[in-house]
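*Asks:* show me how the following folds:
(one chain, ligands or ions: 2)
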Amino acid sequence: MAVYTTVSDDALAAFLSEYDLGVPRSFKGIAEGVENSNYYLETDRGRYILTLFERRADPKDLPYFIDLKRHLAAKSYPCPAPVAGKDGEALRKLEGRPAVIVTFLDGLSPQSPNARQCRSLGAGLARMHAALADFDLRRPNSLGPASWPGLWRGRAETADSLQEGLALRIRDDLKAIAAAKPQSLQIPRGTIHADLFPDNAFFLGDEFTGAIDFYFACSDVLAYDIAVCLNSWAFENGSEYNFSKGAALIAGYESVRPLEQAERNALPVLCLGAAMRFFLTRLVDWTDTPADALVRPKNPLEYADKLAFHRKAVSAGDYGA
Ligand SMILES: Nc1ncnc2c1ncn2[C@@H]1O[C@H](COP(=O)(O)OP(=O)(O)O)[C@@H](O)[C@H]1O
Ligand SMILES: N[C@@H](CCOP(=O)(O)O)C(=O)O
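*Replies:* Ligands and ions are numbered 1, 2, ... in the order given. Sure, this is the predicted structure:
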């Protein structure tokens, strides 16, 4: 359960008095998620999510995330809309942490997405990129390749304790990615979600109905978002790549924005990089999650296994593109 910060009755009452949201009916910690503390809030006027930002969120980035969601919502892209208080501000403090209220989005996150859902998700991702094409704020990817050596430092022993010989393989992957210089790729850039996992996408049946959790959004190559999605949507049983799902996801994306050849060529290194990013943050969380936090850290080995698949991929064809 992702609740790092407990909200007292008095603090909640004082916080809600800053809004015009009616009378609270329900307030509960949310079981899913790992990054921030999330609460479900229902009042007589509607349903909301209250988020308190925790360790990885840099307070100076929060206005960027709020503006980004406002931009998408203004374009009728289905995502949570930030709720402003009586003073017009969406960002304030609760229990000493930065906090926002956003609107509740309906839909279900697929546990095991099928190929039709992958196709719809790919199209939804491309529509998001299109809707953000004129979003003019910039935020560097704080979990991009430059951050990985720092995340990895001092973790070799933990990696080897999870899987024999893993540290050596990770060192080799980091060297291979650095040599490929993914930051210098001459391919389309824009604003990306950077964490569009199945638990951050909602569906009604097989139709993508919206995205949540934009708190890793940043300026980067657009195809990196596809790489994140191939990693999180197209594998089964951890490490088995499902070609049909990957092909459907890419085809869905291309039904809105066809990929350039250079983007296709970059897919293997972008997929390796995306798997590395999630392996490393999971490895850090595996040992550094506070003992009293109500959260289930995610398994880093799932991404160590995906790295093994990407190491062998030579072209976009290996992913179904
Ligand atoms: N706007 C929203 N509408 C509906 N449910 C939401 C919304 N925001 C978050 N949730 C629920 O809260 C869970 C955790 O949210 P998420 O933003 O993924 O947390 P974290 O960033 O802390 O990992 C989601 O899986 C979803 O069930
Ligand atoms: N998607 C990441 C962790 C971030 O958590 P989320 O619940 O905000 O998606 C992972 O799976 O490692």
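
*Asks:* would you mind listing what in the stretch 101-250 of the chain touches ligand 1?
*Replies:* By C-beta under 6 Å from any ligand atom, the residues of the stretch 101-250 of the chain that approach ligand 1 are 102, 104-105, 199-200, 212-213, 215. In this view, the C-beta of every residue, glycine as well, is placed from N, C-alpha and C.

*Asks:* again, 5 Å this time
*Replies:* 104-105, 199, 212-213 (C-beta under 5 Å from any ligand atom).

*Asks:* from those residues, which two are the most distant?
*Replies:* Taking C-beta to C-beta as the measure, these span a maximum distance of 15.5 Å, between F104 and D199.

*Asks:* can you report how many residues lie near the residue in the chain that ligand 1 sits nearest to?
*Replies:* Across the chain, the shortest distance to ligand 1 (C-beta to the nearest ligand atom) belongs to G33, at 2.7 Å. Applying other C-beta atoms under 10 Å, we find 18 residues neighbouring G33.

*Asks:* how much space between it and S315?
*Replies:* When distance is defined by C-beta to C-beta, to the nearest Å, G33 is 35 Å away from S315.

*Asks:* let me know the secondary structure of the residue of the chain closest to ligand 1.
*Replies:* Classification of G33 by DSSP: H, G, I helix; E, B strand; the rest coil places it in coil.

*Asks:* ok, and the closest non-adjacent residue to it?
*Replies:* What sits nearest to G33 in space, not counting adjacent residues and going by C-beta to C-beta, 6 or more residues apart in numbering, is A2, at 3.8 Å.

*Asks:* isn't that neighbour right next to N36, touching?
*Replies:* Yes - if you go by C-beta atoms under 8 Å, A2 and N36 touch, sitting 6.8 Å apart.

*Asks:* let me see the confidence value for the closest residue in space to A321 that isn't next to it in sequence.
*Replies:* Distances taken as C-beta to C-beta, 6+ apart put I250 closest to A321, at 4.7 Å, once the chain neighbours are dropped. Confidence at I250, expressed as pLDDT, is 98.

*Asks:* tell me who's in contact with I250.
*Replies:* Going by C-beta atoms under 8 Å, 6 or more residues apart in numbering, I250 touches 122, 226, 230, 259, 319-321.
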